[in-house]
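Chemist: The sequence and its predicted three-dimensional model are supplied below.
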Amino acid sequence: MGVAGLRAWASFAVMLPSTVAIMLWLSRLRVIVTGTEFQVDDARLPLAVVADVVALDADGKREVLGVGAHPLAFVVQRPWIGGAVQVLLNDPADPTPYWVVSTRHPVELATRLLAARAAALGTG
């Protein structure tokens, strides 16, 4: 930092926003609902085992992930995102009772999951 003035701060003005942007981009997860499964990054859940989907706000997410949380639950939680969906499972072969996935649009994701499950099961 042997340079005084604006040139000394120019590197900070470029590097700090670049670092933040790269960190946000790397922390993104791919959440996809297809005709047969729910995908969260590399994890895949067949829609046939989905019993119900609950959209959670920040308080609901805190309650589901709090002291009473099930130790075998599958959780993809990003603390800076308030909302989440809780996907309740009905699979006797799997000990996982539910999935909790953070999302900025919990109502839209829950609606899409329920519609895809109804279409996959032929009930909708």
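Modeler: On my side now, so go ahead. Quick caveat: nothing in here was measured; it's all calculated off a predicted structure.
Chemist: and G5, what does it touch?
Modeler: By C-beta atoms under 8 Å, 6 or more residues apart in numbering, G5 lies in contact with nothing. C-beta coordinates here come from the backbone N, C-alpha and C atoms, glycine included.
Chemist: what's the spacing between D57 and T34?
Modeler: D57 sits 26 Å away from T34, going by C-beta to C-beta, to the nearest Å.
Chemist: which other helices and strands contact the least confident helix or strand in the chain by mean pLDDT?
Modeler: In the chain, no helix or strand scores lower on mean pLDDT, DSSP states H and E than helix 6-26, which sits at a mean of 84. Packed against helix 6-26, as judged by 3 or more C-beta pairs under 8 Å, 6 or more residues apart in numbering; DSSP states H and E, are no other helices or strands.
Chemist: Residues touching the helix or strand following it, excluding its own?
Modeler: Counting by DSSP states H and E, the element after helix 6-26 in chain order, helix or strand, is strand 31-33. Residues outside strand 31-33 that contact it (C-beta under 8 Å, 6+ apart): 38-41, 101, 103, 109, 112-113, 116.
Chemist: All good on my end, thank you.
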